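**Q** This is a predicted model, with the sequence first.
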Amino acid sequence: MTVVLDAGALLAVERRDRELIARIKLERVADREPVTHGGVLGQVWRGGTGRQALLAAVLAGVEVRPLDEGLGRRAGVLLGLARRADVVDAGLILLAHDGDEILTSDPEELRALARAAGLHVDIVPV
C-alpha cells in the first residue's frame, strides 16, 4: 500500500497537523515512501523558507514524480471520462493503485476521478 498526498495534505503539513505528520513519519519508518507529483508541489511550494521549512523537511521523504507528457495524456483521458477539469487531481489519481490511500482535502473530486479510473482506493479527508 502507498500513501498518495494531494495539495491539501501538504498544506496540512504546513499547518503543523500533528496527526498527518505522524502518519507520514510512520510510512517512512515502515520503509514506504509517500508519493505525489510535481503539479501538486507547484500548488503549495512558495520557496521553502520560513513557514515552509517543515514542508521542505517532510518532502525530503516523499517521492515527487514528474507530471510529464505520459501522465499528462493519461490525465486528460481520465478527465474526459470523469467529466472533470483538474489535471493535477487526475494526475494524482493515476499515481495510485488498488488498495492505496489518498490523503486529500477534496475527497469528492478524487472519489469521482477514482471511480472513472476504476480504482479501488481509500480516500482519506485531511
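**A** Received the coordinates, thanks.
**Q** Only C-alpha atoms from now on, for both contacts and neighbour counts.
**A** Fine.
**Q** For V88, I want the exact helix or strand it lies within.
**A** Secondary structure from DSSP states H and E places V88 in helix 87-93.
**Q** Show me what that helix is packed against.
**A** With contacts taken as 3 or more Cα pairs under 8 Å, 6 or more residues apart in numbering; DSSP states H and E, helix 87-93 sits against strand 35-37, helix 38-44, helix 69-82, helix 107-117.
**Q** Quick check: buried residues in the second one?
**A** Buried residues in helix 38-44, defined by neighbour count with 16 or more other Cα atoms under 10 Å: 38-41, 44.
**Q** do the same with the third one
**A** With burial defined by 16+ other Cα under 10 Å, the residues of helix 69-82 counted as buried are 71-72, 75-76, 78-79, 82.
**Q** And stretch 30-38, by the same measure?
**A** The neighbour-count check on stretch 30-38 (16+ other Cα under 10 Å) flags 32-38 as buried.
**Q** sorry, back to before: what's next to the helix or strand following the helix holding V88, contact-wise?
**A** If you walk from helix 87-93 toward the C-terminus, the next helix or strand you reach (DSSP H and E) is strand 101-104. Strand 101-104 has contacts (Cα atoms under 8 Å, 6 or more residues apart in numbering) with 1-9, 96, 110, 121-126.
**Q** what mean pLDDT does the helix or strand where R23 lies have?
**A** Using DSSP H and E, R23 sits in helix 18-29. Across helix 18-29, the average pLDDT comes to 95.
**Q** Identify those among the contacts of strand 101-104 that sit within strands.
**A** 3-5, 122-125 (DSSP state E).
**Q** Let me have the residues you listed in a markdown table, extended by pLDDT and distance to E14.
**A** Listed next are these as a markdown table, based on pLDDT from 0 to 100; distance: Cα to Cα, whole Å:
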| residue | pLDDT | distance to E14 |
| --- | --- | --- |
| V3 | 98 | 18 |
| V4 | 98 | 17 |
| L5 | 98 | 13 |
| D122 | 98 | 23 |
| I123 | 98 | 21 |
| V124 | 97 | 18 |
| P125 | 97 | 16 |
